[in-house]
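Novice: no sequence for this one, just the structure:
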Ligand SMILES: CCCCC/C=C\C/C=C\C/C=C\C/C=C\CCCC(=O)SCCNC(=O)CCNC(=O)[C@H](O)C(C)(C)COP(=O)(O)OP(=O)(O)OC[C@H]1O[C@@H](n2cnc3c(N)ncnc32)[C@H](O)[C@@H]1OP(=O)(O)O
Ligand SMILES: Cc1cc2nc3c(=O)[nH]c(=O)nc-3n(C[C@H](O)[C@H](O)[C@H](O)COP(=O)(O)OP(=O)(O)OC[C@H]3O[C@@H](n4cnc5c(N)ncnc54)[C@H](O)[C@@H]3O)c2cc1C
């Protein structure tokens, strides 16, 4: 109940759908079979949306979690990027024209930005959209090999529409990157329209159920009305007008997805991996702790607890942070819609930073969960490989993580510079305006406040030092760009420290808000463990300026170890509380009924390699 709230009815409805619960085993399918199976599910999902009147994005998400367990479907780019971009960047007329068709899935779209030669450096993209006032069309063209669009999800085979990000040219003048609605395939035959060369980019690390695609434009004309014109307009005669708005508004779709990824990808992925590894560790017995006694559950080994409980604490932290990130996104986006854009830079910074910080931590954590399951963790039956390959994509898409940390750092440097000039920061960076105590208040009680204060101190110090180092590099003759590059490792670490503090603070605030004393106590233990592990793993950052001394570090270690035993009795309940259904976990090791061995044996017998097969038989005979 702590988590699911209003989502349960939709999830239960989805679980009643036979097609989602049963069907062929994903692990035994080829990539093409996986893709086809996902399309069958997409069609069924669309029928369910109509049958159950599912319009709200959040309601659909509950359904999708069951329909497409641990994978992304082509509906992701459609409902997560195509529709939001139409809504955010389109004029009222354009919204009326395309959004209802898209919401009824009469047209399927994706977000087409990245090219063969550039993903990160958006200003380096090369696709052109040249306005021709005679025909009142934009002519889309891919002038070079590197300008071929590459990666968009659903582009390869599925989508018949896309929002293409291209450089707008009028009368030879480049007006920069703008979004264009482009029909890609015939609505009758589904064939690509003439002037377009497109297809799937081939097998990937994960994302088997998504046809990430390529697209080359050969002087392809689209009507003038297809440029999304909420913020900028091109009139019939080629006059360009724009509202005096932030040019980064056209990057809005990226902010949206980054804000969602913290919960949807990092939070969910790590929570599922912890559920599997902790349930399995309660089932698995191995070796002996004491002679002539039954083999213990592996969860009783302190080293196993030391591997898994910090990840459990992290899963809770990322989950709560993801929920907070979504709230902030919708709050600031509403302000922006009303013309108040002051908090856009902060939203960009915190969504970039948290997207990077949490997907990196989750990716690392999921792999640790797999290792903690020993041999069976290496089997696809554990469900962990699938969770990993799909979640780790979040470290790259929607802004590569290092680059995102540097965007966050850029904001932190701006804010810190402002503070030095007497400006007062607010929101997630208000602590940069505080006088931060250089004395560590940690005692053996480890109150959440004192732990959060330790992270505050670390973040503030690292931001200050990154800023001072930047200034020193410039003072010694480097230009600003070289100074930035020579300081970029330090900058990413400062951004991580900021995000780490933010996450601890969110967790602390959740604990404080819980009324049930028993739940509060358990969550407090998890929050303490999260913070103490963070201190120990980054101990250099805390002792470098003498903030923490050796005695305190020893206390940290002792408390960490005692928390492992305190958390042990509740560990399985704490993962059960995420309330993932077996269908969503897709794991034999993580089954709710604990019936692991019998089902592993059944599963292995079903593997296609055990079926009679002529060629294999002939080769082996
Ligand atoms: C798709 C499904 C989504 C579903 C959504 C729902 C739930 C989510 C759940 C699951 C998701 C699941 C599946 C999704 C799967 C895949 C989707 C992947 C889709 C993609 O993968 S789609 C391509 C994304 N591709 C990128 O992500 C490119 C990254 N590259 C950039 O983003 C920029 O290129 C950057 C930032 C590196 C440099 O940009 P630049 O060179 O132009 O800027 P520069 O550094 O010069 O900064 C000038 C001033 O602009 C400010 N600034 C920058 N960006 C801003 C922004 N967004 N808003 C406000 N301000 C911004 C700066 O802070 C600075 O401000 P100041 O001057 O004040 O310091
Ligand atoms: C699964 C998946 C789905 C995707 N879906 C879509 C989609 O639907 N639509 C779409 O348009 N795109 C999509 N993409 C593309 C994705 O957005 C880009 O791959 C991503 O933004 C990273 O850009 P890049 O590939 O150019 O990486 P690169 O920028 O080439 O990164 C390579 C390395 O260079 C480093 N680097 C690059 N620039 C800097 C810098 N300024 N400072 C320091 N280091 C730097 C990076 O840190 C990284 O280590 C998808 C990608 C994946 C993997």
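Specialist: Noted; the coordinates are in hand. Worth saying up front: this structure is predicted, and the values here are computed from it rather than measured. Residues are numbered from 1 along each chain as shown. Ligands and ions are numbered 1, 2, ... in the order given.
Novice: pretty sure residue 140 sits in a strand.
Specialist: Yes: secondary structure assignment places residue 140 in a strand (DSSP: H, G, I helix; E, B strand; the rest coil).
Novice: per-residue pLDDT, it?
Specialist: Reading off the confidence values, residue 140 has pLDDT 98.
Novice: show me what contacts it?
Specialist: 127-129, 164, 166, 180, 182, 217, 219-222 (C-beta atoms under 8 Å, 6 or more residues apart in numbering). Any C-beta I mention is one placed from the backbone N, CA and C, and that applies to glycine too.
Novice: can you flag the buried ones in these?
Specialist: 127-129, 164, 166, 180, 182, 217, 220, 222 (16 or more other C-beta atoms under 10 Å).
Novice: and the residue of this protein nearest ligand 1?
Specialist: residue 80 (2.1 Å; C-beta to the nearest ligand atom).
Novice: and the stretch 301-450 of the chain, which residues reach ligand 1?
Specialist: 344-345, 348, 397-399, 403, 407, 410-411, 414 (C-beta under 6 Å from any ligand atom).
Novice: run the last query once more with 5 Å
Specialist: Proximity of the stretch 301-450 of the chain to ligand 1, by C-beta under 5 Å from any ligand atom, involves residues 348, 397-399, 407, 410.
Novice: closest to ligand 2 out of the residues you listed?
Specialist: Of these, the one sitting nearest to ligand 2 (C-beta to the nearest ligand atom) turns out to be residue 397, at 3.8 Å.
Novice: and residue 258, how far is that from ligand 2?
Specialist: Distance of residue 258 to ligand 2, computed by C-beta to the nearest ligand atom, to the nearest Å: 11 Å.
Novice: residues contacting the residue of the chain closest to ligand 1?
Specialist: 256-257, 260.
Novice: so where is the stretch 201-350 of the chain shaky, pLDDT-wise?
Specialist: 244-245 (pLDDT under 70).
Novice: show me where it has helices.
Specialist: 252-261, 268-283, 302-337, 344-372 (DSSP state H, counting those that start in this stretch).
Novice: so which elements touch the helix or strand encompassing residue 32?
Specialist: Under the criterion of DSSP states H and E, residue 32 resides in helix 31-51. For helix 31-51, the packing partners by 3 or more C-beta pairs under 8 Å, 6 or more residues apart in numbering; DSSP states H and E come out as helix 18-21, helix 57-67.
Novice: break the chain down into its structural domains.
Specialist: Segmentation of the chain into domains, based on automatic domain parsing, reads 5-71, 107-244, 252-422+449-575.
Novice: pick the most buried one from those domains.
Specialist: Of all these, domain 252-422+449-575 has the most neighbours on average by mean count of other C-beta atoms under 10 Å, namely a mean of 20.
Novice: ok so, going back, would CSV of the contacts of residue 140 with distance to residue 22 be doable?
Specialist: Listed next are these as CSV, based on distance: C-beta to C-beta, whole Å:
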residue, distance to residue 22
127, 43
128, 49
129, 47
164, 39
166, 44
180, 42
182, 38
217, 43
219, 49
220, 43
221, 47
222, 43
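Novice: for ligand 2, state which of those residues is nearest.
Specialist: residue 164 (9.5 Å).
Novice: that closest one against residue 183, yeah?
Specialist: No: assessed by C-beta atoms under 8 Å, residue 164 is found out of contact with residue 183, at 10.7 Å.
Novice: ok so, going back, filter the contacts of residue 80 by proximity to ligand 1?
Specialist: Within the contacts of residue 80, those near ligand 1 by C-beta under 5 Å from any ligand atom are 257, 260.
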